[in-house]
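Chemist: got a predicted model here, sequence first, then my questions.
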Amino acid sequence: MLFSITMAVAQEKNVSGTVIDDTGLPLPGANVIVVETNNGTQSDFDGNFFIAVSEGQTISISYIGFETQRIKIGASNVLNVSMKAGSLLEEVVVTGYTTRNKTVQTSSVVSISAAELSRLAPTTSIDNLLQGKAAGVQVTAANGKPGQGAFVRIRGTGSLSAGASSPLYVIDGAPIREDELGAIAPEDIENLTILKDAATTARYGSRGANGVVVITTKKGNRNKDAIIRYSSRYGTTSQINPNFKMMNATQKFQFESEMYALGVVSAANLPGVTTQPGSPERQLLLDNEVDWQDLMLKEGIIQNNNISISGGAEKMDYFFSVGHDKNTGIIDQLGGFERLNARLNANFDAKEWLKVGVNVGYSRSVSDEPRDRNNAQNPFRAMLDYNPYETEFLLDENGEAVIDENGNPVYNPTHTTFNVRGALLTEPAEDIENVTLGSVDTQVILSKNWSYGFNTAVSHLNFREESYSQPGGILQIILNGNGNKRDSGTQRLDLTVSNRLNYNLDLNEHTLNVLGLFEYNFNEFNFYRLRSTGFPSALLTTQSNGAVVLGGQTDTERTRLALVSYGAFADYDYNEKYLASASVRRDGSSNFGSDVQYGTFYSGSIGWNIAKENFFKVEVIDDLKIRASYGTVGNREGISRYAAQDNVEFESYPGGSATVPSNIGNPLLQWETTETSNIGLEFNLFNKRIRGVTDYFKRNTTDLLFQIPRSDESGAAFVFGNLGEIQNSGLEISLQADVFKSSDFTWTLGGNIIFLGDSEIVSLPDGEDVDAVNTFNIRFSEGTKINEHFLVPYAGVDPETGAPLYFGADGNTYRSNDLPENEEHRVFQGKSTIAEKEGGFFNNVVYKGIGLRTDFVFKYGNWINNFVKSNYISDGANVDDNQAVGAFNYWKTPGDTNVEPSPSFRNDAAVNSDRFLERGDYIRMRNVTLSYTFPRRLLENSPIHSLRIYGQGQNLLTFTKFWGDPEVGLSSGETIDFADAVAPGEATLYSYPNTKSIQFGLDVSF
Amino acid sequence: MKNIIYKIVIVVFISGILYSCSENLDQLPFDEFATENAFVTADDFENGIRGVYKALVSIDRDGVVSTGYYGSSDAGSLLSAGDVASDNTTISQSGRRTKNILHNFRYSPSSGVSLANFYADAYTLIFRANQVLLYAENFTGDSKANIMAEAKALRAMAHFDLVRTFGKIPTQSGDANGSLGIAYVIELDPNIEPERETVSEVYQKIVSDLVEATAAINVSNPPGRMGKDAVNTLLSRVYLYMGQWQNSIDAANAVTKTVADRDDVVGVWEDNSLAGVIFYIPNSEEGLNNSIGVAWSQGGLNSIIPEYVASFNLVNTYLADDIRKEAYIVSGSNGGLQFNAIKKLLGKNGAFDGKVDYKIFRAAEAHLNKAEALFKLGNESGARTALDAIRSKRYLTPPAGETGSALLNAIQLERRLEFAFEYQRFYDLKRWALPIQRSNAGDLADGSGTASEVLSLPAGDYKFQLPISQGTLDQNPNTAQNPGY
């Protein structure tokens, strides 16, 4: 009563204002309502609004996805309202075939919005973007090659087979392979949701065991004039400065002569021995000293341009975009990566009862491929192996370049016999990837409660790989060939047809949603390859110019995989207080034994929004929810498509075909099953200034799909089977806090971390150890961690003799030759390739339009076998290659400690030891962005709605004790390629290093 | 009403899809073939036996190609191992130092370069042979006997190559027969974890397979496959290794192929002549197209990058009128350095792309086996006759007339000269219980340059038996390592 009297006497006045989002962009269409009245308006396209209101009244400003703001009207007639992105509990999240308001959902999911994505470090591939963004998501960049993806593991490593631990990626209803994520422009993504526990992943049945990443692309707003958004970025990229030094020429000469003096015979012909200090020969070499890292690498260019047009009418909306990305990479003489992408998304209300949506995206990327192998054909190895006194071109005695018959300087083969500088030009290789993603979604509204959905989604890859060894080029001269061209290509079609019958009941306090699903998924893979030799000119590159087609390397392949699924999912809540969900799904897959093709997966989950209870009256707690889930999820990856069948294939041998066994069948081959339990707590405190989520999970995987190695004597190599059991458990914490918050200034801190607890192998068949294929020294053994290094412990250098010592099984130290015979000296030391703690944290300060954001990522507790280091601190064994300066620090006199072994012992028997096994811990500043968002008043008289400019640095700061770059994914792509990698980050072997960059960009909309 | 119609349409639609989709779960491969259907007709068995031979040149395991048997593998194969680990070669400082662990006898169970690929590849060949034998049991075609004989001969050959590499050779020492041999596998079972049998048990089984094979195999089979002469040559060698001299002579006598004339010797190694060749595998650009010469060198004669060169000592052991010096060794150069390059795998007819036919058995061996066996039986004149059968076709004025130990030395020398770079030297020194002794000459043509780091392996050293690789031991807990490692 008192209130209304006050109101009556108050003077009504016109207040004007502007609504902007947390990035400073105007928010059109925000609802502005005077509280407890019917008086209200909406902000216009520029975020401006006018409203009649009296002093003392409160207005509320709301917008979907943002926190509702309440402002008491004071004396001022101008209001500038800065909206804050909605807190964790208010978003709508995708929960597997449906969406659900986060308040009532009961699963552990992380949702990353377009706004959040746009603030992250610029990268061409979205999987790299995920690092440090979501608790429990472990990301290891495969390498630093432009356009290259990452190894993503959600809640530990859930499988022991290559490729089988990756999450399922679904984009607009179509599954897409991890390798092809680079085809999706981050600018096109509306939302990226990571499903972590069985409550939601079980809805993806046989493919959800390692988590699901659901990607939704953007759409336009209805009843809106078109918004044209243009974003552009330009910058440079370069090698992250190595934290070790290679020798210069003077040092290397010194080293060579020291080695020779110690009896390293292979140094005899090296210039450090054959030339004398101060001699003219030595001086000639010094005069022509080369810094190979400088020569081989360049400062690359990164460039990104993206334009989108979106809007809608009453019954339709559209989103259209085109983008172009270019990243030259850091190898001089290579063009790097380039991508062109286009997308059109449109939704129509075709009839009152019929809605149709069409999303089509196409992308084409072209990438120059350096050889990712462990020899001098790889520029990243060559630049370290080549000695600084070796020149790019052969020189005559006057120091002039030797000229060949065509007048070109002759490349110096160097001591490695291969000049990669020349080879980069004469041995080009290129990948061309075309990806088309299309989906058509039809929704039929049958009645108030019933609806039916029919969705067809296709993802299609057309991939071509060409590599040419030009006639007269570096490799052909060595091989005495006359040109050699390889073409290969892949066509991969993935088709998903799904039927959904949906029942929705909203009855007072009860909300129920039930979904019935029938889905069919079909995948066909086609491959061809062709190789010819004999090319008349380096400029002719197509197969039709080749003289001889090589029979053994010309063929095609085709495989198919089918999946049939039935499912029923239900979500229920009572007054948003008591929550429950359940799912059951039955999948049949064609790659299992014909009697065991089907598997059933189910889940159940419950939640309680305690803060919504009337009895719960704790001032500082705004929201508080506890939830729990349990369920089973399957996996069918990690085996070949016909692994259950006994098959042969045909090769050729003089006289005709040759029958060779291709698969030793296992008719009992069936699903790998993961049982997941999860308990979670979500909370918002102090007016949502502090927001947090924490989860404890436990995953138990049984019937692991595995290529089980057989004894060499069996001649069978391996058999695909279901093997053993592994377990992962852990704790995830995600916290954000607005340390300071006012209309002009906000300071936000946030971060997340996973503490991976048990990550271990529980049981293996017959309890026998298994040496993991496609690893170097990983052994699977009951009770050990997943991907644990199995090595002989290095005991350091004998201070008396300088000999390298190792611990024998008996605990005594030995030289390798003296290790007791017939005993296992390798041991498990609990050192795994998998990080025990991993996550990220950020700091964001916004003052008026100026923002400074820094993002850090970190890993802790993983171990990397540093083969690269072992090549440059080789105790004289690799004296012909350049060495690291640290190689000087070898044992010289009795009593020396903290030294490398004396080169006199370089010929001791080789031991797979942990001498170069190092901690992979690091903290890296992934991103720092300084941005300025122009205030409205400056743009008022221009057609521009919003304008933001920024400068951004990537990987500018790293804290690590690792020798070299600690972000190790692939060792060497041609040794173990992306698809075969079982233990990413096990070892270093010269794969494309991660790079740093500095870029400047702008976002503008009209 | 309208709603009901929609619903009916939808239900009909869904059930239609349900029905058609379930059938798609029975997928059969396109690129492969059910094993049981692959061994039915006579042609199937021809394809099948070629599949066993194929293991000699390369084995594709899920896309990873291994060439550990007679391949050019940098990790070593029988194509080069017998000479790399001997006094016939010197490591070249200009090469990539492939196989240097083998050359310098530094192998260990985990060194990676201890013919581990050969071990696995040989057993894969044995698996394939056993598969052919299993399905051939129920085959009734005319070719059954020949196919089974070839499969048994190949199975025996693979076991023989394994046991002489990883075990002792019976004549090598008194304890050899009772020492660790290898597992002789005759069953088709991916799950076996067999123990190593004794050397003597293994040799008995090899002989048994080969004797059965000689009885049933065709006199000749198409190129790339063994015929009766090949099996008899192998059997003669096996008996020689066992010290069963008369059996060795008998088997050698059964070989009908004549030794290549002096005029043909050079042509044999340029693939212009098949004189005296008993078993070879054609290797052409259109066919297998394997650059096996990479085992010894790469590049043309003026830009050669040798991995190994003919040892200075070997080069000088050939007499001036010995045609084999020209046939086996060629001078090559690179940037002012001159090398005694190994020619046997260099290329066809003047080429140097390393694509030459694989020569596995030659008629000369039967005579040299016989000469050695006759000498052991005390028949010196017979031994000389057999030896001269070779020497008369190699020299313009052959050495002749040795007696006693000089004759034995001459037989052993001739074997070295005839089969240099032909996979035998290491095994011959091993079975004769002789040391490996290299000269300290360097890697260049005039003996200068750098010598190999390790110059000798004493007679009887444990390193004459290569180590079983750690990986093999890990997979099969029932197997055992050789003493010394």
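Modeler: Thanks, I have it. Numbering: from 1, shown residues only, chains lettered A, B, ... in the order given.
Chemist: helix or strand next in line after the worst-scoring helix or strand of chain A on mean pLDDT, which one?
Modeler: Least confident element among the helices and strands of chain A, by mean pLDDT, DSSP states H and E: helix A:2-9 (a mean of 40). Using DSSP states H and E, the next helix or strand after helix A:2-9 towards the C-terminus is strand A:12-20.
Chemist: which other helices and strands contact that next one?
Modeler: For strand A:12-20, the packing partners by 3 or more C-beta pairs under 8 Å, 6 or more residues apart in numbering or on different chains; DSSP states H and E come out as strand A:48-54, strand A:78-82. Quick note: C-beta positions are derived from backbone N, CA and C, even for glycine.
Chemist: from the chain's centroid, how far away is the shortest one?
Modeler: Put simply, strand A:78-82 sits 40 Å off its chain's centre (C-alpha atoms, centre = their mean, to the nearest Å).
Chemist: packing partners of it?
Modeler: Judged by 3+ C-beta pairs under 8 Å, 6+ apart, strand A:78-82 is in contact with strand A:12-20, strand A:69-72.
Chemist: and those strands as CSV, adding mean pLDDT, distance to B:Gly48 and mean neighbour count?
Modeler: Shown next, in CSV, are these (pLDDT from 0 to 100; distance: least, C-beta to C-beta, whole Å; neighbours: other C-beta atoms under 10 Å in any protein chain shown):
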stretch, mean pLDDT, distance to B:Gly48, mean neighbour count
strand A:12-20, 82, 76, 18
strand A:69-72, 82, 79, 14
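Chemist: out of those strands, nearest to B:Phe464?
Modeler: Ranking these by proximity to B:Phe464 (C-beta to C-beta) places strand A:12-20 first, at 83.2 Å.
Chemist: name the surrounding residues that touch that closest one.
Modeler: Contact with strand A:12-20 is made by A:26-27, A:30, A:32, A:43, A:46-55, A:59, A:61, A:63, A:73, A:76-83, A:936, as judged by C-beta atoms under 8 Å, 6 or more residues apart in numbering or on different chains.
Chemist: could you pick out the buried ones from those residues?
Modeler: Buried by 16 or more other C-beta atoms under 10 Å in any protein chain shown: A:26-27, A:30, A:32, A:43, A:46-47, A:49, A:51, A:53-55, A:59, A:61, A:63, A:73, A:79, A:81-83, A:936, out of the contacts of strand A:12-20.
Chemist: that older thread, which of the helices and strands packed on strand A:78-82 sits closest to B:Pro109?
Modeler: Comparing the helices and strands packed on strand A:78-82 by their distance to B:Pro109 (C-beta to C-beta), the top pick is strand A:12-20, with 69.3 Å.
Chemist: next helix or strand past the closest one?
Modeler: strand A:31-34.
Chemist: which of the three states applies to the residue of chain B at minimum distance from chain A?
Modeler: With C-beta to the nearest C-beta as the measure, B:Phe127 is the residue of chain B nearest to chain A, at 2.7 Å. Put simply, B:Phe127 is helix when judged by DSSP: H, G, I helix; E, B strand; the rest coil.
Chemist: which ones are touching the closest residue to it other than its chain neighbours?
Modeler: Excluding the flanking residues, the one nearest B:Phe127 by C-beta to C-beta, 6 or more residues apart in numbering or on different chains is A:Gly715, at 2.7 Å. A:Gly715 makes contact with B:Tyr123, B:Thr124, B:Leu125, B:Ile126, B:Phe127, B:Arg128, B:Asn130, B:Val185, B:Pro190, according to C-beta under 8 Å, 6+ apart.
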